[in-house]
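In: predicted model and sequence follow; I will ask about them next.
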Amino acid sequence: MLQKLIDLDQQLFLWLNSLHHPYLDGVMLWATGDTAWLPLYLLIIGFFVYHFKWQTWKILLQIALLITLADQFASGFMKPFVQRLRPCYEPLVAPKVHLVTAGCGGQYGFISSHAANTFALAFFLFLLATPYPRYQRWVGFAFFVWAFWVSYTRIYVGVHYPADVLVGALSGMFWAWIVYKLGKTYFIAYK
């Protein structure tokens, strides 16, 4: 059963990864980069300062904790524990991979840190916007689209299977829920 799921995941990866175009390669490589989203992060901080004033530092501290938990769970625990090779290292899959990046990254890819981190932030912001229904709709839509796009780029550039991304996204949302609940209970009244 597990082998059938792995085979299906590899087939889905090869299909999604084959949907590339030379004009999109640069865009996807940019979108998967570490500094591409810096303006968005500054916009989020500005939003916090505007709405939460002096409590902004508490929210930023929670986001730092959230990203640390999501990232370390993905990279520090899951990847070395599961040891699933990235598609670009898998001997039977690697020759068929459209690899956009200069390198493949670390040897193991389960689970995607990009997916964990972006979905953690997206879900945390969605939860944070719950008392503000007007904001929650666009925050939920905009940030989940952003998280999905960044996560999809990992498949597009050839370094993650769809299951890596899916489980990474679920993991990130789990950590967001935990940090939000802890923060709401012990650290900050959000509204």
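Out: Looks like it arrived, so ask away.

In: what sits against the spatially most central residue of the chain?
Out: When the chain is reduced to its mean C-alpha position, the closest residue under CA atoms, centre = their mean turns out to be Ala115, at 2.1 Å. The contact partners of Ala115, taken as CB atoms under 8 Å, 6 or more residues apart in numbering, are Ala147, Val150, Ser151, Arg154, His160, Asp164, Val165, Leu166, Gly168, Ala169, Gly172. C-beta coordinates here come from the backbone N, C-alpha and C atoms, glycine included.

In: got the buried residues for the helix or strand hosting Trp138?
Out: Taking DSSP states H and E as the definition, one finds Trp138 inside helix 133-156. For helix 133-156, the buried set under the neighbour-count rule, 16 or more other CB atoms under 10 Å, comprises 135-136, 139-140, 143-144, 146-148, 150-156.

In: per-residue pLDDT, the residue sitting furthest away from the middle of the chain?
Out: Ranked by distance from the centre of the chain (CA atoms, centre = their mean), the top residue is Trp54, with 28.3 Å. Reading off the per-residue confidence, Trp54 sits at a pLDDT of 81.

In: OK, contacts around Cys88?
Out: Applying CB under 8 Å, 6+ apart as the definition, the contact partners of Cys88 turn out to be Ala94, Val97, Leu99, Cys104, Gly158, Val159.

In: in three-state terms, label it for me.
Out: Secondary structure state of Cys88, per DSSP: H, G, I helix; E, B strand; the rest coil, is coil.

In: not counting sequence-adjacent ones, nearest residue to it?
Out: Among residues not flanking Cys88 along the chain, Cys104 sits closest, at 3.9 Å (CB to CB, 6 or more residues apart in numbering).

In: burial check on the one you found, number of neighbours?
Out: 18 (other CB atoms under 10 Å).

In: sweet, I'm off.
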